[in-house]
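Engineer: Okay, predicted coordinates and the sequence, questions at the end:
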Amino acid sequence: MCFRSRRHSIILASCFWALLTSPTYLWANSDIAKAIITKAQTRLVNDIYLLDSITTLSLSESMLNALDNGISLTVSANIKIILPRMLWFDKIVKDISKQYELKYYDLSERYILTDLKTGEKKQFRTHTSALTALGEIQDYPLISLEALEKNARYAGELSYTLRINKLPTPLRLKAYLFKDWHLTGETYRWRLQ
């Protein structure tokens, strides 16, 4: 009996593994979410570097369905100040994660975008206008001039991710496995000026 149940466990585990590693299982849905950063630049104002950026965000059908069914989505703008080095890994001077929660309220038929650091809320009629606002960063203070070494050339990096760990527990496994739950887009790098 033990041998038999062990054999069944091995067969089930093998089938599950084959299913998970199958390209058609993981990547079958060609509908993907995108974060295309078209501009990111810094300005020095009163010895503080301020960030301005524009990103076009689009959600996958799975994300939109979840959003329209009352599940909030947490999107993170990941910002790094780095010191590039020739013969070693880049030094990360500052690592910032600006997190936003996007939620749809059925009664008011509004999308609410909340800055999770400040608590500031904005209302939108469509998810597209909410995503446009989410993708715009203006006058965001990054780092002071005195925190940086003189005569060193620093760079900034910006990328966006969906915080899967903030989804309801039953949805997390699916979100980790399926490509349509990941924001695709390259990290944008610019030089601090």
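Structural biologist: Structure received.
Engineer: Leaving out the residues flanking it, which one is nearest to the residue nearest the centre of the chain?
Structural biologist: Centroid-nearest residue in the chain: Thr161, 1.2 Å away (criterion: Cα atoms, centre = their mean). In space, and not counting its chain neighbours, Thr161 is closest to Ser76: 5.1 Å by Cβ to Cβ, 6 or more residues apart in numbering. The C-beta positions use only the backbone N, C-alpha and C, and glycine is treated the same way.
Engineer: Ok, Glu101 next?
Structural biologist: Thr114 (4.5 Å).
Engineer: Following element in sequence after the helix or strand bottoming out on mean pLDDT in the chain, please.
Structural biologist: Ranking every helix and strand in the chain by mean pLDDT, DSSP states H and E puts helix 23-26 at the bottom, with a mean of 41. With elements assigned by DSSP states H and E, the helix or strand that comes after helix 23-26 is strand 33-45.
Engineer: and that following strand, which residues are buried?
Structural biologist: For strand 33-45, the neighbour count (16 or more other Cβ atoms under 10 Å) marks 33, 35, 37, 40, 42 as buried.
Engineer: separation between the residue nearest to Glu101 and Lys122?
Structural biologist: In this view, Thr114 and Lys122 are 8 Å apart by Cβ to Cβ, to the nearest Å.
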